[in-house]
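# Provided below are the primary sequence and the corresponding predicted coordinates.
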Amino acid sequence: MAALSASDILQGARRIVIKIGSALLVDGASGSLRDVWLQELAADVATLRARGTDVLIVSSGSIALGRRVLGLPAGDLSLDQSQASAAVGQIRLAGAYRDALAGVGATAAQVLVTMEDSRNRRRYLNSRATIATLLSMGCVPVVNENDTVATDEIRFGDNDRLAAQIAVTSGADVLVLLSDIDGLYTGAPGSVGAMHVPVVAQITPEIEAMAGGAASETARGGMKTKVWAARSATSAGCTVLVGRGDVAGPITALQDGARATIFAARSNPAAARKQWIDAMKPMGQIVIDAGAVRALAQGKSLLPAGVRRVEGQFERGDPVDIVDPNGHHVARALAGYRSEDAMLIAGAQSGQIAELLGHAGRAALVHRDDMAMAG
């Protein structure tokens, strides 16, 4: 791993999440958007997409943009002021990404989330499905915390951790955290004896102790939050790069050899997700026929037509066991329907789901990405 470079990692990435902080996107003195920088980032996104890489952006900036429009003074804002600023700034931020990405032939999609969307399995599955659909349709999801409604108890608190959660949710294999420094140092950057750390194979207490504090009025995160984010992302199989964002074309710069810190993934996203699902206690059981067993073995989703019966009580997103007609374990999975609805559509064709439920539903009872196959 020590020989692997940021350029190698980016070149081999299947899906990348790029986190952009307020201090990079919004001029601290004027409160205006750095349009040229954003256009250069959009060109980077176009380069990644041209070689088949999915790109998601996690962006701060709504409060920083909105507070100047509302004429709020420098310094800390109250919760009400922050939410008002976010409401005003978010519309400007979304428009800026729409225009910048349209300039390189990409369609921007706004996704607003709170911590509850990752804690609640049903919301988590909804977020995952929406992001997957947007990516399959060629969009670039631009994700931000929904600051207009989020209160302290449902906040991520900083977009480094939000970016890590989006990387986990989307199954990304690379997370890029753009900063105003080129990675982790053994001490305060610029201090006597402080050395750059090129690769972190494991996040230990010593590594955590190297991280510094918070940044500026417009940016809430520091290196400490980036290390915390890296811990979460790497455990889910996502490699994390921390590098300078305050340069023209920051992703191109990394690909051209700009210095960064690499936090090594512990496995890969698919394996990490399988381990996570496998470790859950099942809330029910779905018995499937032989044809469905063969379909799952081929990597397909579980459709209602292949279901013989549903046992137990569970909600959408709860873990369930999938077994064959003889009771042999086939997979552990996250249910795409609550048990009552699953019972109603068991054995039915996908085209019958809306009639049976009285509303439109998803075609799969369990999606293949939410399944850990036995063996």
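Looks like it came in fine.

# residue ranges with poor pLDDT in the stretch 51-200 of the chain?
Scanning the stretch 51-200 of the chain for pLDDT under 70 picks out 148-157.

# go with 50
153-154 (pLDDT under 50).

# quick one: the strands in it?
Counting by DSSP state E, counting those that start in this stretch, one finds strands in the stretch 51-200 of the chain at the ranges 54-59, 107-113, 139-145, 174-179, 199-200.

# Among those strands, single out whichever gets nearest to R273.
strand 174-179 (15.3 Å; CB to CB). C-beta: built from backbone N, CA, C; applies to glycine.

# For that closest one, which strands pair with it and how are they oriented?
strand 15-20 (parallel), strand 239-244 (parallel) (DSSP bridges).

# How about residues contacting that strand?
The contact list for strand 174-179 (CB atoms under 8 Å, 6 or more residues apart in numbering) reads 9-10, 13, 15-21, 24, 160, 163-164, 167, 223, 226, 229-230, 233, 238-245, 250-251, 254.

# thinking R309 is in contact with V287, fair?
Yes - at 5.0 Å, R309 counts as touching V287 under the criterion of CB atoms under 8 Å.

# Now T186. Nearest residue, chain neighbours left out?
M195 (4.8 Å; CB to CB, 6 or more residues apart in numbering).

# how many neighbours does the one you found have?
Neighbours of M195 under the rule other CB atoms under 10 Å: 11.

# could I get the strands of the stretch 51-200 of the chain as TSV with distance to A360 and mean neighbour count?
Output for the strands of the stretch 51-200 of the chain, formatted as TSV (distance: least, CB to CB, whole Å; neighbours: other CB atoms under 10 Å):
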stretch	distance to A360	mean neighbour count
strand 54-59	26	26
strand 107-113	21	18
strand 139-145	21	23
strand 174-179	34	28
strand 199-200	46	19
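
# Figure out which of those is closest to P282.
That would be strand 107-113 among the strands of the stretch 51-200 of the chain, by CB to CB, at 27.5 Å.

# now the closest one, how far from the centre of its chain.
12 Å (CA atoms, centre = their mean, to the nearest Å).

# which outside residues touch it?
90, 94, 97-98, 100-102, 127, 130-131, 134, 137-146, 162, 166.

# who has more neighbours, R309 and V287?
V287 (20 against 12).

# ok, now how distant is S170 from G61?
20 Å (CB to CB, to the nearest Å).

# And for P269?
P269 is 27 Å from G61, by CB to CB.

# Among those two, which residue is more densely surrounded?
A count of neighbours by other CB under 10 Å puts G61 above the other of P269 and G61, at 28 against 22.

# For that one, which residues are in contact?
Contacts of G61 (CB under 8 Å, 6+ apart): I20, S22, L25, V26, L33, G89, L93, N144.

# give me that answer again for 7 Å
S22, L25, V26, G89, L93 (CB atoms under 7 Å, 6 or more residues apart in numbering).

# what's the answer for D80, then?
Applying CB under 7 Å, 6+ apart, no residues qualify as near D80.

# surely A354 meets A360?
Yes - taking contacts as CB atoms under 7 Å, A354 lies within contact range of A360: 5.0 Å.

# Those two: which has the busier surroundings?
Per other CB under 10 Å, whichever of A354 and A360 has more neighbours is A354, with 12 against 7.

# so the more buried one is in which element?
Taking DSSP states H and E as the criterion, A354 maps to helix 353-357.

# tell me which residues in the helix ranked longest in the chain are buried?
Ranked by number of residues, the top helix in the chain under DSSP state H is helix 79-102. Buried residues in helix 79-102, defined by neighbour count with 16 or more other CB atoms under 10 Å: 81-90, 92-94, 96-98, 100-101.

# again, but for stretch 366-375
V366, H367, R368, D369, D370, M371, A372, M373.

# what about that stretch, start to end distance?
Distance between the two ends of stretch 366-375: 19 Å, counting by CA to CA, to the nearest Å.

# What average pLDDT does it get?
For stretch 366-375, mean pLDDT rounds to 90.

# now swap in stretch 300-318 and tell me
95.

# neighbours around the closest residue to S7 other than its chain neighbours, how many?
Beyond its immediate neighbours in the sequence, the residue positioned closest to S7 (CB to CB, 6+ apart) is Q255, lying 4.8 Å away. Neighbourhood size, Q255 [other CB under 10 Å]: 19.

# how close does Q255 get to T114?
For Q255, the distance to T114 - CB to CB - is 33 Å.

# And I353, by the same measure?
Distance from I353 to T114, by CB to CB: 29 Å.

# now do A271
Applying CB to CB to A271 and T114 gives a distance of 29 Å.

# Give me the more crowded residue out of those two.
Taking neighbours as other CB under 10 Å, A271 and T114 compare with T114 leading, 20 against 14.

# Was I right to think the more buried one contacts N146?
Yes - at 5.2 Å, T114 counts as touching N146 under the criterion of CB under 7 Å.
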